[in-house]
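1. quick check, what structure comes out for this input:
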Amino acid sequence: MASFDVESLFTNVPLHETTELIVNNLNISHLDKFGLDKVHFRKLLGITAHHSVFCFDDCLYTQTDGVAMGPPLGPSYANAFLCHHEQDWLEQCPLEFKPLHYRRYIDDTFLLFKHPSHVNLFLDYLNSKHPSIKFSCEMQKDNQLPFLDTMVTNNNGIFHTTKERLAWEPRLTIGSMREPTPFHEARLVSGANSFGRHCQWVTGLQVLRSQSLRCSHLDFVRNTGKRTIIERHRATRC
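-> Take a look at the predicted model:
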């Protein structure tokens with residue numbers, strides 16, 4: 001048994017590559033339900049995923065690549081990227097160290113191998129496949145392996161899981177794991193329901209940095225009562 005973890009998956013997901021993967025693999029019939037085509041859907045993805053703005057040290061910055069932590073599209077982008085590539089990686093993997101069992105949830109993967117020596121061979125193989133993605137691994141100790149919020153025990157080929165007691169209750173559970181599958185178009189397109197909200201947020205920040213900064217500032221304060229970040233931006237003009 002072994003578990004593989006993608007190091008800093010969200011911030012290493014290549015945005016432009018993943019956007020094209022999502023758009024190219026979408027069925028146009030799913031977009032029709034929302035009155036969209038691939039051209040407009042690509043523009044919406046560009047607005048919501050490619051213009052993540054954050055404040056640090058009293059300055060506003062735009063994240064140029066990688067998925068921002070927190071927005072609802074983050075897990076969908078990360079999963080779409082890995083779903084596409086891991087299918088090819090598994091199909092092309094040499095049989096001599098190919099895992100017997102492969103189950104992933106977001107950036108955590110549970111694997112079974114014929115022999116312990118195959119673990120590092122497969123790890124090196126995965127780490128050679130894409131420049132943006134690097135995996136780390138943890139191997140079983142005393143026939144036990146912690147994975148997500150469970151402890152997996154291998155008792156002569158019979159597996160048992162026990163829930164680990166944590167100070168907090170995670171939302172990710174082992175029951176949600178699944179095999180790599182083709183894109184789930186309906187789930188990706190359903191994100192269109194939240195696009196309007198995010199477009200308004202991003203557009204507001206873009207206007208904030210335009211020549212009409214003062215008017216936008218007054219409107220924003222009047223509607224939200226928030227002025228700290230805006231005033232810092234006006235003062236520093238980073």
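2. quick one, strands of this structure?
-> Using DSSP state E, the strands assigned to the chain run over residues 2-6, 52-56, 59-63, 101-105, 108-112, 135-139, 144-147, 150-155, 158-163.
3. can you put those in JSON lines and add mean neighbour count and mean pLDDT?
-> Where C-beta positions appear, they are placed from N, C-alpha and C, glycine not excepted. Shown next, in JSON lines, are those (neighbours: other CB atoms under 10 Å; pLDDT from 0 to 100):
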{"stretch": "strand 2-6", "mean neighbour count": "19", "mean pLDDT": "94"}
{"stretch": "strand 52-56", "mean neighbour count": "14", "mean pLDDT": "79"}
{"stretch": "strand 59-63", "mean neighbour count": "14", "mean pLDDT": "82"}
{"stretch": "strand 101-105", "mean neighbour count": "16", "mean pLDDT": "92"}
{"stretch": "strand 108-112", "mean neighbour count": "19", "mean pLDDT": "94"}
{"stretch": "strand 135-139", "mean neighbour count": "14", "mean pLDDT": "94"}
{"stretch": "strand 144-147", "mean neighbour count": "17", "mean pLDDT": "92"}
{"stretch": "strand 150-155", "mean neighbour count": "15", "mean pLDDT": "90"}
{"stretch": "strand 158-163", "mean neighbour count": "11", "mean pLDDT": "88"}
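4. how many residues are close by Leu126?
-> 20 (other CB atoms under 10 Å).
5. from Pro71, how far off is it?
-> Counting by CB to CB, to the nearest Å, the gap from Leu126 to Pro71 is 27 Å.
6. still on that earlier bit, dump the strands of the chain to a markdown table, plus distance to Gly35.
-> Output for the strands of the chain, formatted as a markdown table (distance: least, CB to CB, whole Å):
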| stretch | distance to Gly35 |
| --- | --- |
| strand 2-6 | 35 |
| strand 52-56 | 26 |
| strand 59-63 | 29 |
| strand 101-105 | 33 |
| strand 108-112 | 37 |
| strand 135-139 | 40 |
| strand 144-147 | 42 |
| strand 150-155 | 43 |
| strand 158-163 | 45 |
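7. of those, which approaches Leu45 most closely?
-> Of all these, it is strand 52-56 that lies closest to Leu45, at 12.4 Å by CB to CB.
8. the strands of the chain: which one's closest to Leu36?
-> It's strand 52-56; of these, that one is closest to Leu36 (CB to CB) at 21.9 Å.
9. that closest one pairs with which strands, and in what direction?
-> Strand 52-56 pairs in its sheet with strand 59-63 (antiparallel), by DSSP bridges.
10. quick revisit: for Ala78, find the nearest of the strands of the chain.
-> Here strand 2-6 is closest among the strands of the chain (CB to CB), at 8.3 Å.
11. which elements pack onto the closest one?
-> strand 108-112, helix 117-127, strand 135-139, strand 144-147 (3 or more CB pairs under 8 Å, 6 or more residues apart in numbering; DSSP states H and E).
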